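Have a look at this prediction, sequence included:
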Amino acid sequence: MRKLHHPRLEEITVEAILYALADPVRVEIFTRLAASECAQNCSKFLNMQEQAPLAKSTLSQHFRVLREAGLIRSERRGVELINSTRCAELAERFGPMVQSIISAYEQQRIEAAGGGSRGEDAGDGARETPPTPSQGESGA
């Protein structure tokens, strides 16, 4: 059985993290893993999309990208892979960057689920671009 590649903390790059989290399915997987109390096996994510279940091979590819970017750690237990995030390690190296990405994604998801978006009342129909994590809210 082939050994799983997990980059050392100093090998993880911002570019790899951003690439891995640029895909909506991967950011959803990572967000769910980060929110869970314990490590999860891959099969927990088969039915996460509303339209159709993900193929096992597609799901495996998403987990591989997340793992090779350094976002998750996978451990073989029999025929299953058990996955957990490396959030604590990533916070050591990148500060709040990863948590900011997760928070921005969650906010975007909440806004989309509510059916509304800021800028919806604009007379010309233009929509406002969602704030980036660096824009933040003012204390006033």
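Received, thanks. Residues are numbered from 1 along each chain as shown.

where does this protein have low pLDDT?
Scanning the chain for pLDDT under 70 picks out the ranges 1, 49-51, 115-140.

so who does the residue nearest the centre of the chain touch?
Geometric centre of the chain, nearest residue: V27, 2.6 Å, by C-alpha atoms, centre = their mean. Contact analysis of V27 by C-beta atoms under 8 Å, 6 or more residues apart in numbering lists 21, 101-102, 105. From N, CA and C alone the C-beta is placed, and that goes for glycine too.

In a helix, it, correct?
Yes. Using DSSP: H, G, I helix; E, B strand; the rest coil, the secondary structure at V27 is a helix.

Adjust the sequence numbering to begin at 80 for everything that follows.
All set: I'll call the first residue 80, so the last point we hit is now V106.

can you count the residues close to L138?
By other C-beta atoms under 10 Å, 19 other residues sit near L138.

ah, wrong one, I meant I181
Neighbour number of I181 under other C-beta under 10 Å is 19.

counting contacts, what elements does the helix or strand where it lies pack onto?
Element membership of I181 [criterion: DSSP states H and E] is helix 176-192. The helices and strands touching helix 176-192, judged by 3 or more C-beta pairs under 8 Å, 6 or more residues apart in numbering; DSSP states H and E, are helix 93-100, helix 103-114, helix 166-173.

Out of those helices, which is closest to S153?
helix 103-114 (10.6 Å; C-beta to C-beta).

separation between N162 and A183?
From N162 over to A183 the distance is 22 Å, taken as C-beta to C-beta, to the nearest Å.

I meant to write E94 there.
From E94 to A183 the distance is 18 Å (C-beta to C-beta).

Can you pick out the residue with more neighbours from these two?
A183 (17 against 9).

and the more buried one, how far is that from R165?
Using C-beta to C-beta, we find A183 at a distance of 19 Å from R165.

ditto for E171
Distance of E171 to R165, given as C-beta to C-beta: 10 Å.

Compare these two (neighbour count), which wins?
More crowded of E171 and R165, by other C-beta under 10 Å: R165, with 23 against 10.
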